[in-house]
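S.K.: Make a model of this:
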Amino acid sequence: MKRTALLLTCLLISSLAIADQNNKKKADTKSWKPTAFVLEADQLPAGYAGLDAKKFFKLFKSKVAEFQKKDFETSEEFNQRVANTDAILSPIKEADLYAFSGGCYSGRDTYDADTQSFQFYGPIFQPSSLTSPDWFTHVLAETINKSSYIGNNAYGVSLKVERRTGASISIAIPNTSPLFNTVLSSDTGGRYYEYHDTITMPTEKVRMLKSIRAYGAGIYSRGLCSLLVGKVSHTQIVNGAGEFKAPTINSPEEDRITEEAIPFEIKKVIYYVLKTGEIFGQRDF
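M.R.: Take a look at the predicted model:
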């Protein structure tokens, strides 16, 4: 009896501890607020990579749901309810600037010492889905699950198929964005657009950049990173194209990755070194 009572007591304490941890996680998520981006100096904090895209999207999606007209709601009632956009989106604010990582890139950047021109290649944008044809998305974060199974075809061939399922979180810019007239170009017939900018950079700064790239491994050695700074532009979720691929004999891989995006008006792109936070250039839009 004593052993049983002791075991039950231990189980109860364990259950309470797990419940407490879950409640703390829920409270942390619920109380999370995005910090508006303010550039007060010519340098970012060392290691700064923008906002947590997953937390921001979860918060944004929960707020955007309020902009859907309810079944038994009149148009007048709906318009009155959503009249104060800031109140519904709070703590997200339409007027605030937010920053997200555009990724770190290397390998293609080139430098002309005569003109002191540095070629920077940045994030990729791709056309969205058929339901949102006027948008182009850039993936910020992914949640991917990997598994495998044995696939068979009608001819009796069996192969191990590697499967990826999950979701992508992105930002979406409209096809009217000024980026398309300045820094986004495509040599793939419009299948995707690559960010490409020319920066005036003194030779000594390029030498410094190359020394940083040669140091260590991982993301810190991947050349310049980009920070995408802008505003939430619409109260909706944009459906991205995602990744959907059926397995074949020659390529036994299956992808089923959905994509949802935050409508975003990019105001500034900052080129910087993630390790130090030093800014090497920027482009305003």
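S.K.: Retrieve the pLDDT associated with the most centrally placed residue in the chain.
M.R.: Centroid-nearest residue in the chain, with CA atoms, centre = their mean: Leu140, separated by 1.5 Å. On pLDDT, Leu140 comes in at 97.
S.K.: for Asp28, same thing?
M.R.: Looking at Asp28, its pLDDT reads 50.
S.K.: a helix runs through Glu265, doesn't it?
M.R.: No - Glu265: not assigned to a helix; according to DSSP: H, G, I helix; E, B strand; the rest coil it is strand.
S.K.: my guess is it meets Lys231, correct?
M.R.: Yes - assessed by CB atoms under 8 Å, Glu265 is found in contact with Lys231 at 5.0 Å. The C-beta positions use only the backbone N, C-alpha and C, and glycine is treated the same way.
S.K.: sorry, back to before: in terms of contact, does the residue nearest to the centre of the chain touch Asp52 like I think?
M.R.: No - between Leu140 and Asp52 there is no contact under CB under 8 Å: 9.6 Å.
S.K.: OK, contacts around Val232?
M.R.: Neighbouring residues of Val232 by CB atoms under 8 Å, 6 or more residues apart in numbering: Phe60, Leu89, Ile92, Glu94, Tyr98, Ile262, Pro263, Phe264, Glu265.
S.K.: next one: Leu224
M.R.: Cys104, Tyr105, Ser106, Asp109, Phe120, Leu209, Tyr271, Tyr272, Val273, Phe280.
S.K.: partners of the first one in the sheet?
M.R.: The reference is to Cys104. Cys104 has the following beta-bridge partners by DSSP bridges: Cys225.
S.K.: Distance of it relative to Gly151?
M.R.: Distance from Cys104 to Gly151, counting by CB to CB, to the nearest Å: 36 Å.
S.K.: How about the second one?
M.R.: Using CB to CB, we find Tyr105 at a distance of 36 Å from Gly151.
S.K.: Same question for the last one.
M.R.: Using CB to CB, one gets 48 Å for the distance from Phe280 to Gly151.
S.K.: ok, those two, which is more surrounded?
M.R.: Phe280 (19 against 16; other CB atoms under 10 Å).
S.K.: how many neighbours does Phe60 have?
M.R.: 21.
S.K.: all helices for the stretch 1-150 of the chain, in order.
M.R.: 2-31, 53-64, 75-81, 85-89 (DSSP state H, counting those that start in this stretch).
S.K.: Which other helices and strands does the second one contact?
M.R.: Under the contact criterion of 3 or more CB pairs under 8 Å, 6 or more residues apart in numbering; DSSP states H and E, the helices and strands touching helix 53-64 comprise helix 85-89, strand 98-104, strand 135-152, strand 158-174, strand 253-272.
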